[in-house]
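In: could you work out the structure for the sequence below:
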Amino acid sequence: MVKIFRHLGVDVDYVENQTCCGQPAFNSGYRNEVVPAAERFIELFRDKEYVIAPSGSCVSFVKGYYKELAIKEELKPALNELTGKIYEFTEFLVDVMGLASLGGEFNGRVTYHDSCHLLRELGIKEQPRTLIKSIKGIEFVEMKDSDTCCGFGGTFSYKFENVSVAMVSEKCFNIESTGAQLCIGADSSCLMNIEGYLRKNKMKAKTMHIAELLALSLKL
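Out: Residues are numbered from 1 along each chain as shown. Here you go, the predicted model:
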C-alpha cells in the first residue's frame, strides 16, 4: 500500500508506534478494556490529513464503534474529526483520489471476495472491482455468492469451528469453480482464513490482497 501511494506521489507517514485498533477485544466483550487502545489510536492519528488502512474491518470499527466507547471527553472532538478522514485503501483511491485505473498490467484470471465489514458496514463493493478490472491483461470472473461470509469472523472461527469450516469450504469451492488463479480480497483476515483452507485441501487457487495485486501489476 505504501509503495503504491509513493508511486502516485502521495506523501506517506507510517506511524511506527501504532497498535491494534482494539476490535478483537471489543468483539469478545471487553468494551472497557479496549478504551486505552482506542484512545491511543485517536492520539496517534488525530493530526493526520488522512488515515488509510488496507482493511475494511479496522476502518469500520473506528468509524462505527469508537463512538460507543467511554472515550475521554477531551478526545471526543478529535474522534469526530478522525471518523471523517479515515478510509479503506480502495475507497480512498477511487472515491477521494478519483482514480479508476493505476495503469498496471497482469496476465491471469482472478476473482474477488467481498469481506463482511467492507461491504456491509462501509458499503464498499465497486471500488475494488473497478481497480481490478482496469488492470491490463487481467481476466476478472465473479464467483458465486461473492458476498457470502468466509466463516472467519475473528473468534467465531474457533468458537464455532464446525460452522466456520463449512462456510469457508463453500467459499473455496466457489473460488475454484471460477478457474481463477487468485482470489483477491481487501481484508487480510478473510484472506488468511481462505488461504488456509485452500492450502490444506491442496486446491489450485491462492489468495492475494488487492494492494499486493496492484503493486505487482505496477512492478513495484
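In: can I see the domain layout of the protein?
Out: Domains of the chain are assigned by automatic domain parsing as 2-94, 100-217.
In: counting neighbours, what do you get for G196?
Out: For G196, the count of nearby residues is 15 (other Cβ atoms under 10 Å). In this view, the C-beta of every residue, glycine as well, is placed from N, C-alpha and C.
In: just the element for it, please.
Out: helix 188-200 (DSSP states H and E).
In: quick revisit: as CSV, the domains of the chain with mean pLDDT would be great.
Out: Shown next, in CSV, are these (pLDDT from 0 to 100):
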stretch, mean pLDDT
domain 2-94, 95
domain 100-217, 94
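In: and among those, the most buried is which?
Out: Neighbour counts (mean count of other Cβ atoms under 10 Å) averaged over each of those peak at domain 100-217, with a mean of 18.
In: can you give me the end-to-end span of that domain?
Out: This stretch, domain 100-217, spans 15 Å end to end (Cα to Cα, to the nearest Å).
In: what about the longest helix in the protein?
Out: The longest helix of the chain (DSSP state H) is helix 161-177.
In: show residues contacting the longest strand along the chain.
Out: Criterion DSSP state E: the longest strand present in the chain is strand 105-112. Strand 105-112 is contacted from outside by 128-129, 132, 135-143, 146, 175, 178-185, 205, 213, 216-217, using Cβ atoms under 8 Å, 6 or more residues apart in numbering.
In: switch to 10 Å and redo it
Out: Applying Cβ atoms under 10 Å, 6 or more residues apart in numbering, the contact partners of strand 105-112 are 125, 128-129, 132-133, 135-144, 146, 174-186, 205, 208, 210, 213-214, 216-219.
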